[in-house]
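[1] sequence and predicted structure, then a few things I'm wondering about:
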Amino acid sequence: MSGRRLIVEVVDARDLLPKDGLGSSSPYVVVDFDGQRKRTKTVFRDLNPSWHEKLEFDVTDPETVAYEDLEAEVYNDKRTGNGRKSHFLGRVRLNAGQFPRKGNEALVYFPLEKKSFLSWIRGALGLRIYYTDEPENPVPAPEDEKSPENETKPPEDYTEPPEDDTKPPESELCPMPSSHATQIEEQNSPPENTAPPPENAVLATEAFIPGPETQPPPLEHAPPPPETRIPVRPPIGMTPRRVYGSGAFTGETKIYPAHDLVEAMKYLFVRIVKARGLAQGSGLEPVVKIRLGSYSVRKRPDSRNSFESNPEWNQVFAFGRERLDSSANTLEISVWAPSPTTGGGGFQEGAGNPGAGDGIYRNAPGEFPGNVQAEFPGWGHGSSGDVPGGFPSTGGEPPMDGGFPGSETGFRGNAAGGFSGNAPAGYPSAGTGFSGQLLGGVCFDLSEVPVRSPSDSPLAPQWYRLDGDGHVCGDIMLSVWIGTQADDSFSEAWQSDAPHLAHTRSKVYHSPKLWYLRLTVIEAQDLPISRFSETRVKVQLGFQSSRTRPSPPSQGGSVSWHEDLLFVASEPLEDAAILLVEERFSGKEPSLVGHVMIPLAPVEQRLDERLLPSRWFVLESPTAFGGESGGGTNATNYRGRMHLRLCLEGGYHVLDEAAHFCSDFRPTARQLWRPPIGTLELGILGARALLPMKTQTHGPLGLGPGAMKGSTDAYCVAKYGHKWVRTRTLTDSFDPRWNEQYTWQVYDPCTVLTIAVFDNWHMFSDKCPIRPDTRIGKIRIRVSALEGNKVHTRAYPLLVLLRSGLKKMGELDLAIRYTCGPLIDTCGVYTRPMLPRMHYTHPIGLAQQDALRAAAARSVAAWLTRSEPPLGPEVVQYMLDSDSHTWSMRRSKANWFRVMSVLAWLGGLAHWVHDVRQWRNSVQTILVHVLFLVLVWYPELVVPTIFFYIAIVGAWYYRFRPVGPMGMDTRLSQAESSDFDELEEEFDLIPSSRPSEVVRARYDRLRVLAGRVQSVLGDLAAQGERAQALIAWRDPRATRLFVGSCLAASFVMYVSPPKVVAVALGFYFLRHPMFRDPMPPPSLNFFRRLPSLSDRML
């Protein structure tokens, strides 16, 4: 059992239901966690009870505590009511993974949930929950407080219920979920006429090792020891993905193995740890060389120690089977000592791979100057080829990050023990351009290399003897195994299919924790300002800035605002809010009165709508702000004081994506998170037929110096919730196969997964000016469109909109599986509010939400740029659609057609009614008459008929449902019909960088479009004003006629049966065309003649 403990502080409850039959309740709380159950004292006859009790629970296994649930149930004590059992008042179920550590806890009021569908529950339970590794030492109560006469007693008017021999079951006294794996030993219940149990009474022993404080009192007849069942927990290091059986409410689960959505790619892993006892050489750092057929890799030690010390490499190499020589059946590992002639400076870490397109450096024209010698198998000398500038050309060895294979021809060096010219048989040579001494090596037969399963523990490295010239020259610690991309070492390994650069590795990122900082500017006092000026407050937080409205001062230099300012703050809360008080006279620039800097770390967090206390802050002089004087609060620096209220809002969700395709709606505070309802697994298989994104310069392989060809270095980025993933970069490949799988927890199915493909330019950041990564395409997949517990495999087109128009860049192969839980839990999510509670009780304006979203996206981009490898701001902005709010003629037309598509059913209904009235189909019209008569004579069938019709239509459209998740729709986006001028305007910056003639043409076109919108709005306003004119007496004759008609109709309706009137009106409306005048009806003519206010506009 670990030393970690979970502290549950039961504070109070609000607005509970009366359950004692006397208009009140006597509640107590039972908390159940990890097989341990404890309860609070009973608060008699109080619907808003307060306990303020701390309950401690042992955490048996911190590694798997995230899979445990905490359940707090509120009961009415049966001794204060007229029943025989403790009535259920509500419960709270929380996942243990959302609890913070001690110091970050907060009081949270959780709404009480029902136990069943027919339960009537209300109220909220206030809990403060946190973890601690320090034992809580409660102060023992004095002896007089422990006496029976000082225990909590019922009120005087409490009447004891009659005794009953029928004892309620244990589940009624303290219900415990059946999912707990430990059977709890019960204690003897107190007699009926005794007082309620004392505070922190323990109802059961703990799950595994009962502590002395939870042992039951000695009994006269001791019961047999309880039966203990060991709970089944998921293996450490694995994330279980549970799939429920065919029945939605069955408890059988299935756990999928890791990386089962992608193709298993075999890799040969070699871990080089360190060496010892090496023979004396040149005094330089030894180099380890790994050779597999014609492929070779060289690596220097990481520690820059002298040659006499034991070198350490601590590097893992992964060799892909499909890219290696098929004839290679032996793995050779050797250690070399560079000769003093090279000095170690001419030697660079290198790798080789035969064939065109593997390991060849690419050049954008004129961007990567330089020349280096590289070697290929069978070549007797080095050939020249352009590589990124900055690589040393001495020695002829290319860098390890994308180098070439060495050649045994022309090797210069001596083996250990006096060998000269060539290396001993069975060991590789270093290749042309590298001179050194072979210290020793070891060989492995590939058929004897063990195969490691991803679920196994890492293979332990072993010491192997380095053999050179028939004697041992030292030892090397290494391990060799065959695995797949699911291996734990794969992400940090040097890979044969990608250069060994930090910008090409696969990584997982997490967005920073974002908070809304609410700063309420209440008032200021003692300001040295004039009575004839206006004063306002400016607040700066990083790149964000906001001002209050100007306010005139009152007597004594006091100013009042009472205005809220919102900012986005990201953890770690290292920034400080700078508050500036400005004074402004009419027609002059504002002058600084004083300032104050407020650090965000000590600001209190608020999780609900409760009001936090305000504080006074002393303003300092402007000279202190500029750094000319200190920041003290003496008389020279004192410039007044500010009354502020600050809090970090944890009850909001900080939007960094567009609300229409957001991937997460959880609040900032983890205490308010609900448990996940499923798991989303994404298998990124690969891409096909990608277009070349950059040019490549070849020297050898028959292309000739300066020959150009296209290339693409593609990687994929996926984002869902707070988790970002990035695949490795596969260099110079138009058909990359990543075969990487990632997993997310799903808290809301109505969210969107975003996947995008980019071309890597940051891998050349050390050799050329930084250039942003190029977009290749983006895909959005809505989780709710995925069928549960089913693998969806599909190729999605990669489309990108350029200035020249829409362009298809290739296809992306994905495999997606959404593993959902019971149907009842998923249905419950659809009935809950999408956003947290604070968005509805204290809503934020739309304009302010857009500004905060832009600030949040910028904060996320700044955080991810600091990672290694970094996700550039161009990647984050493209994934978050930061430019979706900018003006675009194409988007405007697309939204207009979307509105028309939504309203198309009204047009279809009007067309169908017109056909019925025109008797186009006599049988259909007669059936409509019959249905109308039935509904008029039996009006109670109207509502059921409508719902039945909707159900029939929904079942009919099931035939046309989309098969699998859909990608981007070019027709819906109006991407194919947009012309060049519209796309130029969409991609233009703000302010515009185009010539004035182009901007003038765009403005004129926008004026024409705005004129059409203006006319439509005017027509809509005119129709509404005509309806108001019916009783507004703007046209007295029309109003008299309308009022008289309504009075006559009312008398007719009073004396006529309503069914007769309805039938008469319906048959008149559906009369045959031969009885209908082709001219407009009198009622429409009367309405069109009513006046509007258009004639009164200027």
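    Arrived safely.

[2] mind checking pLDDT for residue 223?
    Looking at residue 223, its pLDDT stands at 40.

[3] tell me how this structure divides into domains.
    According to the TED database, the chain comprises the domains 5-132, 266-337+435-496, 516-623+638-649, 670-692+710-880, 889-1096.

[4] and of those, who's closest to residue 658?
    Across these, the minimum distance to residue 658, taken as C-beta to C-beta, is reached by domain 670-692+710-880, at 7.8 Å. Just so you know, the C-beta spots here come from the backbone N, C-alpha and C atoms, and that holds for glycine as well.

[5] tell me which of the domains of the chain lies nearest to residue 657.
    Of all the domains of the chain, domain 670-692+710-880 comes closest under C-beta to C-beta, at 5.3 Å.

[6] over to the closest one now: how far is its first residue from its last?
    Terminal residues of domain 670-692+710-880 are spaced 23 Å apart (C-alpha to C-alpha, to the nearest Å).

[7] pLDDT (mean, whole number) over that domain?
    pLDDT averaged over domain 670-692+710-880 gives 90.

[8] check stretch 1009-1016 too.
    For stretch 1009-1016, the mean per-residue pLDDT is 88.

[9] in it, what's buried?
    Across stretch 1009-1016, burial judged by 16 or more other C-beta atoms under 10 Å covers no residue at all.

[10] kindly report the same for stretch 261-272.
    Here stretch 261-272 shows 261, 262, 265, 267, 268, 269, 270, 271, 272 as buried, counting by 16+ other C-beta under 10 Å.

[11] of the residues you listed, which belong to strands?
    Among the buried residues of stretch 261-272, the members found in strands (DSSP state E) are 267, 268, 269, 270, 271, 272.

[12] could the domains of the chain go into JSON lines alongside distance to residue 506?
    Output for the domains of the chain, formatted as JSON lines (distance: least, C-beta to C-beta, whole Å):
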{"stretch": "domain 5-132", "distance to residue 506": "24"}
{"stretch": "domain 266-337+435-496", "distance to residue 506": "5"}
{"stretch": "domain 516-623+638-649", "distance to residue 506": "25"}
{"stretch": "domain 670-692+710-880", "distance to residue 506": "4"}
{"stretch": "domain 889-1096", "distance to residue 506": "23"}
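
[13] and these, which one averages the lowest pLDDT?
    domain 266-337+435-496 (a mean of 81).

[14] how far away from the center of its chain is that one?
    39 Å (C-alpha atoms, centre = their mean, to the nearest Å).

[15] list the beta-bridge partners for residue 737.
    residue 686 (DSSP bridges).

[16] so the closest residue to residue 873 other than its chain neighbours: helix, strand or coil?
    Nearest residue to residue 873 in three dimensions, chain neighbours excluded: residue 861, at 4.3 Å (C-beta to C-beta, 6 or more residues apart in numbering). Under the three-state scheme (DSSP: H, G, I helix; E, B strand; the rest coil), residue 861 adopts helix.

[17] what sits up against stretch 884-904?
    658, 850, 972-975, 977-978, 982-983, 985-986, 990, 1005, 1009 (C-beta atoms under 8 Å, 6 or more residues apart in numbering).

[18] sheet partners, orientation included, of whichever strand or helix holds residue 29?
    Residue 29 belongs to strand 27-33 when assigned by DSSP states H and E. Applying DSSP bridges, strand 27-33 is found paired with strand 36-39 (antiparallel), strand 69-76 (antiparallel).

[19] most tightly packed of these?
    Highest mean neighbour count of those: strand 36-39, a mean of 25 (counted as mean count of other C-beta atoms under 10 Å).

[20] which helix or strand lies directly C-terminal to it?
    Counting by DSSP H and E, what follows strand 36-39 is strand 50-58.

[21] what's that next one packed up against?
    Where contact means 3 or more C-beta pairs under 8 Å, 6 or more residues apart in numbering; DSSP states H and E, strand 50-58 is packed against strand 5-14, strand 27-33, strand 36-39.

[22] any idea how far residue 654 is from residue 43?
    The spacing between residue 654 and residue 43, counted by C-beta to C-beta, to the nearest Å, is 38 Å.

[23] residue 13: neighbouring residues, count only.
    27 (other C-beta atoms under 10 Å).

[24] let me fix that: residue 891
    A count of nearby residues for residue 891, using other C-beta under 10 Å, gives 17.

[25] angles on the backbone of residue 648, please.
    phi -100, psi 120 (degrees, to the nearest 10).

[26] re the thing from before, among the contacts of stretch 884-904, which two are most distant?
    Using C-beta to C-beta, those reach their maximum pairwise distance at 850 and 977, which is 28.1 Å.

[27] tell me which helix or strand comes right after the top strand by length along the chain.
    Across the chain, the longest stretch assigned as strand under DSSP E is strand 805-820. Using DSSP H and E, the helix or strand that follows strand 805-820 in sequence is helix 823-831.

[28] tell me which residues of the helix or strand that that next one is followed by come out buried.
    With elements assigned by DSSP H and E, the helix or strand that comes after helix 823-831 is helix 838-841. Buried positions in helix 838-841, judged by neighbour count with 16+ other C-beta under 10 Å: 838, 839.

[29] and for stretch 1017-1037?
    Residues of stretch 1017-1037 classed as buried: 1025, 1026, 1029, 1030, 1034, 1035 (neighbour count, 16+ other C-beta under 10 Å).

[30] what of stretch 515-533?
    Quick answer for stretch 515-533 (16+ other C-beta under 10 Å): 515-521, 523-525, 527, 529, 533.

[31] can those go into CSV with extra columns for distance to residue 576?
    Formatted as CSV, those follow (distance: C-beta to C-beta, whole Å):
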residue, distance to residue 576
515, 14
516, 17
517, 11
518, 16
519, 12
520, 18
521, 17
523, 22
524, 19
525, 23
527, 22
529, 25
533, 28
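
[32] reformat the residues you listed as a markdown table; add secondary structure and distance to residue 48.
    As requested, these are exported to a markdown table (DSSP: H, G, I helix; E, B strand; the rest coil; distance: C-beta to C-beta, whole Å):
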| residue | secondary structure | distance to residue 48 |
| --- | --- | --- |
| 515 | strand | 30 |
| 516 | strand | 29 |
| 517 | strand | 32 |
| 518 | strand | 27 |
| 519 | strand | 32 |
| 520 | strand | 28 |
| 521 | strand | 34 |
| 523 | strand | 34 |
| 524 | strand | 38 |
| 525 | strand | 38 |
| 527 | coil | 43 |
| 529 | coil | 47 |
| 533 | coil | 50 |
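
[33] nice, that's everything, thank you.
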